[in-house]
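Asker: Kindly return the folded structure for what I paste below:
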Amino acid sequence: MELQHGRTSRTRELLRLAWPAVLSYILNNTYRINDQFWIQGLGPKAQTAIGATFFIQVLNFAFVFLAVGGALALVSRNVGARDDHARDSFARHSLAIGFLVGLALTAAVVPSAHALSAGVGLDGQAQEMAGDYLGTLYLFMGPIAVFPALDAIFIARGHTRIPMGLQSMAVVMNYVLNPLFIYGKDAAQHVDAPGAEFIASIAERLGIEGHGIAGAAFATGVSRTIVVCAGLLILTGPVRMRFRGPIAFSLRTSLQRALAIVRISAPSSVSIAIYALAYLGLVRFVLSPLGEDTTAGLGLGFQIFEGISFPCYLGVAIAGSSLVGREIGAKNRQGVLDVVRSARFVSRFLGVAFAGIFLFVGPPVVAWFTQDAAVAKQTIIYVQVLAFSQYWVAVEAVNEKVLLGSGQTGALYWIAPLGNVLRIPLGWFLAFGDPGFALGAAGVWWAVNVTTLLKAFLFWQRVQRGAWLDRALAS
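Answerer: Numbers count the residues shown, from 1 in each chain. Take a look at the predicted model:
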């Protein structure tokens, strides 16, 4: 009875941390949902461009994540160990890494934005739109890259409501700025949405002209920059993080702590990069031959539906990761095991729930985001096929983040990359390989389902064995 009570108490603690994190991640993805909603007035070419460039952004996020995973593990561990100096030092290093990575991405992507758009198989107007979007968005990559590290620091310290509040503020700004900068005074003529006429009147008074798809990127950059500034003020104010270390703090120690963050983050970063490359390969070699409607359907389905479901899994998994780090810092083996059980239970419940939502709620929701019948059809195919892997996506997410929170991330180098790379040949075979059994786009999505099951099983097995916990407690 006492053990059961302990698990129930741990589940409550997990949910207390998780629900603001879930809302924060959903709100973070609302940027892309906002973009997909407002650009529909620019036509299906714009939605194709946004869908294709998303995976370029995911690929670049692999570099941004170098500042994130290690911060989550090391800041939470030092919270559990009650070492305030090390806690704040790792946080400072994480923010610095994020900002430097962002500046490097700005320098690399802005001059090559249109070439990158061509590289994923886009041409003509869709390529031009994608290049304009990327070239504008990456002007703001310095502050944009800082926010995930800032988010990880707040969560590691148990302040999950602060990122939620910041994201709420940013989404409201983004909703207003999108039509303002995309259409200007003509906003109400292109998209029938709440507030469109009022925003159009503001644009007319201020003399703001629309800038098309580049305006959507500018709106995202401005809103995220403002939020990052606000978050840093909160971190150094109410949260009382010290930005200055002691005078005796040496360059050698600084490099050691930066490398410690990167060492923990690197396997996840590699995994994210290969995930993005796999999808870019799918777009380039499998989906592009199936037509732009299929690529647009991927963009809508991925960003709207999985843009809601995956943040829910991720919020629970990250909350569990933070608690795992704290219990390891406190050398509490049973506490770690209780967190793992609770996080798995909640994630599996969410996976089943979203499977039902994808199957039965998908078709009417798709109609809100596109006026093109062919794009709507492809989006519905994507959503209803992916419904069958939502349980396994949840299982994969929670077990992967348990390893991240423990700092034992070596398995991330091969499990997720293996499954993601297999998607390209398996997707091609199921789409085109056997003339009597070619499934087209649906075959690609079934390949995603099969490889998700493989990754989920391997991560579950790795955590179940428990060797990672022995190593984490001994370090």
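Asker: my guess is Gly142 meets Ala104, correct?
Answerer: No: contact criterion Cβ atoms under 8 Å: Gly142 and Ala104 do not qualify, at 9.4 Å. C-beta here means a position set from N, CA and C on the backbone, and glycine is covered the same way.
Asker: Which of the two has more residues huddled nearby?
Answerer: Per other Cβ atoms under 10 Å, whichever of Gly142 and Ala104 has more neighbours is Gly142, with 20 against 15.
Asker: Can you dump the C-alpha atoms of the host helix or strand of the more buried one in CSV for me?
Answerer: Secondary structure assignment for Gly142, by DSSP states H and E: helix 141-156. In CSV, the C-alpha atoms belonging to helix 141-156 read as follows (Å, rounded to 0.1, in the frame of the first residue of the first chain):
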residue,chain,number,x,y,z
MET,A,141,18.4,32.7,-35.4
GLY,A,142,20.6,34.1,-32.6
PRO,A,143,17.7,34.7,-30.2
ILE,A,144,15.6,31.9,-31.6
ALA,A,145,18.4,29.4,-30.7
VAL,A,146,18.6,30.7,-27.2
PHE,A,147,15.0,30.0,-26.3
PRO,A,148,15.2,26.1,-26.2
ALA,A,149,18.1,26.4,-23.8
LEU,A,150,16.2,28.9,-21.7
ASP,A,151,13.2,26.6,-21.7
ALA,A,152,15.4,23.6,-20.6
ILE,A,153,16.8,25.7,-17.7
PHE,A,154,13.4,26.7,-16.4
ILE,A,155,12.1,23.1,-16.6
ALA,A,156,15.2,21.7,-14.9
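Asker: Quick check: buried residues in the helix or strand following that helix?
Answerer: Per DSSP H and E, the first helix or strand lying C-terminal to helix 141-156 is helix 161-182. Judged by neighbour count (16 or more other Cβ atoms under 10 Å), helix 161-182 contains these buried residues: 161-167, 169-171, 173-182.
Asker: and if you look at stretch 121-135?
Answerer: In stretch 121-135, counting by 16+ other Cβ under 10 Å, buried: Gly121, Leu122, Ala126, Gln127, Glu128, Met129, Ala130, Gly131, Asp132, Tyr133, Leu134, Gly135.
Asker: Among the residues you listed, give me the pair with the biggest separation.
Answerer: Pairwise distances across the buried residues of stretch 121-135 peak at 18.5 Å for Gly121 and Gly135 (criterion: Cβ to Cβ).
Asker: And Gly158, its phi and psi?
Answerer: Torsion angles at Gly158 (phi, psi; degrees, to the nearest 10) stand at phi 90, psi 10.
Asker: Roughly how far does it sit from Ser112?
Answerer: Note on Gly158: its distance to Ser112, by Cβ to Cβ, to the nearest Å, is 41 Å.
Asker: packing partners for the helix holding Gly142?
Answerer: Counting by 3 or more Cβ pairs under 8 Å, 6 or more residues apart in numbering; DSSP states H and E, the packing neighbours recorded for helix 141-156 are helix 2-38, helix 44-64, helix 69-80, helix 84-109, helix 161-182, helix 213-236, helix 306-329.
Asker: Just the mean pLDDT for that helix, thanks.
Answerer: Averaged across helix 141-156, pLDDT comes to 91.
Asker: what angle separates it from helix 84-109?
Answerer: On the basis of axes from the mean of the first three to the mean of the last three Cα atoms, to 10 degrees, helix 141-156 is oriented at 150 degrees to helix 84-109.
Asker: what angle separates helix 141-156 from helix 306-329?
Answerer: 50 degrees.
Asker: tell me which element Leu259 is part of?
Answerer: Counting by DSSP H and E, Leu259 is found in helix 251-281.
Asker: helices and strands around whichever helix or strand comes after that helix, which ones?
Answerer: On the C-terminal side of helix 251-281, the closest following helix or strand by DSSP H and E is helix 292-300. Judged by 3+ Cβ pairs under 8 Å, 6+ apart, helix 292-300 is in contact with helix 44-64, helix 373-386.
Asker: So what touches helix 292-300?
Answerer: When contacts are defined by Cβ atoms under 8 Å, 6 or more residues apart in numbering, helix 292-300 is touched by residues 36, 44-45, 47-48, 50-52, 54, 121, 126, 283, 287-288, 366, 369-370, 372, 374-375, 377-382, 441.
Asker: Of those, grab the buried ones for ChimeraX.
Answerer: Only the buried entries of the contacts of helix 292-300 go into this ChimeraX selection, using 16+ other Cβ under 10 Å:
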select :36,44,45,47,48,50,51,52,54,121,126,283,287,288,366,369,370,372,375,377,378,379,380,381,382,441
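Asker: contacting residues around the residue nearest to Thr370 when sequence neighbours are not counted?
Answerer: Distances taken as Cβ to Cβ, 6 or more residues apart in numbering place Ala376 nearest to Thr370, at 5.2 Å, with adjacent residues excluded. Neighbouring residues of Ala376 by Cβ under 8 Å, 6+ apart: Val366, Ala367, Thr370.
Asker: what does stretch 267-276 contact?
Answerer: Contact with stretch 267-276 is made by 55-56, 58-59, 61-63, 65-66, 68-69, 400, 404, 409-413, 415-417, 420-421, as judged by Cβ under 8 Å, 6+ apart.
Asker: circling back: what is the mean pLDDT for the helix holding Leu259?
Answerer: When pLDDT is averaged over helix 251-281, the result is 86.
Asker: Pull out the buried residues from it.
Answerer: Under 16+ other Cβ under 10 Å, the buried positions of helix 251-281 are 257-258, 260-262, 264-281.
Asker: ok and that helix relative to helix 292-300, angle-wise?
Answerer: 140 degrees.
Asker: Now which of the contacts of stretch 267-276 would you call buried?
Answerer: Buried among those by 16+ other Cβ under 10 Å: 55-56, 58-59, 61-63, 65-66, 68-69, 400, 404, 409, 411-412, 415-417, 420-421.
Asker: For the helices and strands packed on helix 141-156, state which one has the densest average packing.
Answerer: Highest mean neighbour count of the helices and strands packed on helix 141-156: helix 69-80, a mean of 27 (counted as mean count of other Cβ atoms under 10 Å).
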